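> show me how the following folds:
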Amino acid sequence: MKKALITGANKSIGFEAARQLLQQGYYVYLGSRSLANGQEAVEKLKAEGLHEVEAIQIDVSDPESVKAARAAVGEKTEVLDVLINNAGINGGRPQNALTASLEQFKAVYDTNVFGVVLVTQAFIDLLQKSPEPRIVNVTSGMGSLTLHNDPTWKYYHNKGAVYHSSKAALNMYTVVLAYELRDTAFKVNMVDPGFTATDFNQHRGTGTVEEAGKRVVKYAVLDANGPTGKFVSEENNPETGEIPW
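Now for the predicted structure:
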């Protein structure tokens, strides 16, 4: 049975991705900053008949928490097949370039960028033992520099110096990660789940968590012929999924 770790999986898109992976026969380590919230999410899944799941306490912005999570998972398995770096925060509004505080930047980058680095580096040894390791970094179309400079883009006026720049930084980290792992069995991709109605945006999104979860999981279960190092946003490009940097 293949095994997956999903950060920020106690609700919303992460929770739905866990559900869909379970439905496909994966064992899921459901990462949650609050262990109580994670256990509550696990019970919801088990009530649906999805039993191959357990909660793992992990605050991706806390190096000691990530280290403890790695130790906990390492006691349960020697191999990890999928890592979905889903945990993220938006940093609140406004996020103007001239007035956003350094505290805003640091808080968002601690989770959205440095947290991904911490978790990926902590679990890479378990992933390397998988015959088909997959890493999905959940990003946003808002991290595209090209689209943000296109006045015809539907989200052109949705600017944010903090959150959007954190996703652009995450994209660059993922490009380098995919490059370094290019001669291995790894598939490493960035997936934008789309503007999804969740707590993250006060349910202003137009997409469903089911569709968002499907977009993420699609790249977690790629076969050997699947792509790597791609920036994918099916909302912005329904035909091929790929969007410009």
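> which parts of the chain are helices?
Applying DSSP state H to the chain gives helices spanning 12-23, 35-47, 63-74, 102-109, 115-127, 145-148, 163-180, 209-220.
> please identify the most buried of the ones you listed.
helix 12-23 (a mean of 24; mean count of other C-beta atoms under 10 Å). No exception for glycine: its C-beta is placed from N, CA and C like everyone else's.
> remind me what that one packs against, helices and strands.
Judged by 3 or more C-beta pairs under 8 Å, 6 or more residues apart in numbering; DSSP states H and E, helix 12-23 is in contact with strand 3-6, strand 27-32, helix 35-47, strand 82-85, helix 209-220.
> any idea how far Gly92 is from the residue lying farthest from the centre of the chain?
Most distant from the centre of the chain: Leu98, at 28.7 Å, with distances by C-alpha atoms, centre = their mean. The gap separating Leu98 from Gly92 is 16 Å, by C-beta to C-beta, to the nearest Å.
> which residue comes closest to the spatially most central residue of the chain once chain neighbours are left out?
Nearest residue to the geometric centre of the chain (C-alpha atoms, centre = their mean): Asn86, 2.5 Å. If the residues on either side of it in the chain are set aside, Asn86 comes closest to Gly14, at 4.1 Å by C-beta to C-beta, 6 or more residues apart in numbering.
> show me the contacts for that neighbour.
For Gly14, the contact set (C-beta atoms under 8 Å, 6 or more residues apart in numbering) comprises Ile6, Thr7, Gly8, Gly31, Ile84, Asn86, Ala87.
> which among the residues you listed count as buried?
Applying 16 or more other C-beta atoms under 10 Å to the contacts of Gly14, the neighbour count classes Ile6, Thr7, Gly8, Gly31, Ile84, Asn86, Ala87 as buried.
> take those and write them to CSV, including pLDDT and distance to Thr184.
As requested, those are exported to CSV (pLDDT from 0 to 100; distance: C-beta to C-beta, whole Å):
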residue, pLDDT, distance to Thr184
Ile6, 98, 22
Thr7, 98, 22
Gly8, 98, 26
Gly31, 98, 24
Ile84, 98, 19
Asn86, 98, 23
Ala87, 97, 25
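> what about the residue nearest to Ala224 when sequence neighbours are not counted, distance to Pro94?
Spatial nearest neighbour of Ala224, chain neighbours left out: Glu132 (6.8 Å); criterion: C-beta to C-beta, 6+ apart. For Glu132, the distance to Pro94 equals 43 Å [C-beta to C-beta].
> okay, the two: which has more neighbours?
Legend: neighbour count by other C-beta atoms under 10 Å for Glu132 and Pro94, higher for Glu132 (15 against 11).
> contacting residues for that one?
With C-beta under 8 Å, 6+ apart, Glu132 has these contacts: Asp81, Ala185, Lys187, Asp223, Ala224.
> reformat these as a markdown table; add neighbour count, distance to Arg19 and pLDDT.
Formatted as a markdown table, those follow (neighbours: other C-beta atoms under 10 Å; distance: C-beta to C-beta, whole Å; pLDDT from 0 to 100):
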| residue | neighbour count | distance to Arg19 | pLDDT |
| --- | --- | --- | --- |
| Asp81 | 22 | 17 | 98 |
| Ala185 | 14 | 26 | 98 |
| Lys187 | 25 | 22 | 98 |
| Asp223 | 7 | 22 | 97 |
| Ala224 | 8 | 25 | 96 |
